[in-house]
Every structure is written in C-alpha cells, then in structure tokens.
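> Sequence and predicted model, in that order:
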Amino acid sequence: MKLRKLEMLLEGFETFENPDPALEQYMTPPVVAARLLYHAYMKGDIEGRSVLDLGCGTGIFACGAALLGAEQVTGVDIDPAAVAAAYRNAERAGVTADFVVSDIPDFSCRSFDTAIMNPPFGAQKKYADRPFIDKALECAGVTYGIFNEGSTPFIRSYISGRGVIDETVRCDFPIKRTFAHHRKDSLEIRVEIIRITKI
C-alpha cells in the first residue's frame, strides 16, 4: 500500500464524538498518522509485527498498522466510547484488531514488537505522558511516540538506562478547534516523532 492510499483510508475514520479536554482527546491528523506508520513500516517495525497502540482513541494507529500488514494489533484506551469507535473503524477498514478499555498504567501487557502512541502533551495535566512512556518501555522493543517539539532531551533523560532514542523526526501537527478554550479554528504546532529502542 502506498502512503497516499493509507492517508486517504485514515481520513475516512470516525473521530471522537465528545472529546474530553482532561484526556487531551485529539484525533491524530491522518496525514501525521499515515507518515508515522509508513516510516515505521519502512523501518521494518510494522509488517509481520505485533503492534501496541497506547491511548488508541478511535484506533487510527492500530487500524493503520493492520492495514500495513501488522500480524497482531492491540489498542488500549481509558475511554469506552473511543474504543467502540475504534472497533467501528476497524470494521470499516476491513481489518482485525483487539481493543482494550483500560487506564494505561493498569494495562497488563505481554511482549509486543512495536508500540505506537500519541500521548497527552501535558497541557491539562503535568507529566501526563510519563505513564505512556513507562508502559511502552515495559511492553515493546521499539516505540514511536509523538511529543511536543523540544522534548527529545527530556525523553532521553527520562528513559536513561531503559531505552535509547535512535531517531527524531520533526513535523507539523494541525489541530482543529475542538475545545472551548481553543481560540483559533485551526492551529499548527511543531512536534517530534521519536523512535525509542528498549535496552
């Protein structure tokens, strides 16, 4: 499957019906999700691999990974309504994926090859991304995460002794007006997609 085809399929996905600002529920823009997934695919981290989508929301990473040939896909999210939407998106995409309703720290994982996540940036709750980073390192050999631009030094320090950053890719992350505190119809922020290898 080509990148543009993947992006077009993800653009048709159902998003959050009632996003919760406390959970920083933004659907990862399809253009960003497709590029992250395709990059991971080209690195050999998707096809034939077991993939864990932490904070899966409506399942854009999980379903996208399945579309790119992941052998087994599991998504985890605390919001039952989001997980129900993820199942509908999997059915729409014609893929098989498992989804679990769980807070990230409480999720009991087995070993996965690859974890993918777009954790909360901590705008509403300080350090909200840390449980995601911890769980990814517990569960998977390789992790791809989206973080605010400039996060690489913090992530490198936080995972010291547990993992190493072997790649950082910067890109724009468009956000549409979603919550009452948003003052613009759309906003682009710079983010870093960081690849972490467990040690």
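That came through, no problem.

> Quick check: G57 vs Q72, distance?
With the distance defined as CB to CB, to the nearest Å, G57 ends up 19 Å from Q72. For every residue, glycine as well, the C-beta is placed using N, CA and C.

> which strands and helices sit next to the helix or strand hosting G145?
G145 belongs to strand 140-148 when assigned by DSSP states H and E. Here strand 140-148 touches helix 30-42, strand 112-117, helix 130-139, strand 186-198, going by 3 or more CB pairs under 8 Å, 6 or more residues apart in numbering; DSSP states H and E.

> Out of these, which is the most enclosed?
Burial of the helices and strands packed on strand 140-148 is given as mean neighbour count (mean count of other CB atoms under 10 Å); strand 112-117 ranks first at a mean of 26.

> Report the mean per-residue pLDDT for stretch 14-27.
In this model, stretch 14-27 has a mean pLDDT of 73.

> Repeat that for stretch 39-59.
Stretch 39-59 comes out at a mean pLDDT of 97.

> and that stretch, how far out from the chain's middle?
9 Å (CA atoms, centre = their mean, to the nearest Å).

> Regarding it, how distant is the last residue from the first?
This stretch, stretch 39-59, spans 18 Å end to end (CA to CA, to the nearest Å).

> Kindly report the same for stretch 144-157.
In stretch 144-157, first residue to last residue: 17 Å (CA to CA).

> which of the residues in that stretch are buried?
144-147, 151, 155 (16 or more other CB atoms under 10 Å).

> Max pairwise distance over those residues: which two?
Y144 and S151 (13.6 Å; CB to CB).

> Report the set of residues contacting both of the two.
Both Y144 and S151 are in contact with I194, where contact means CB atoms under 8 Å, 6 or more residues apart in numbering.
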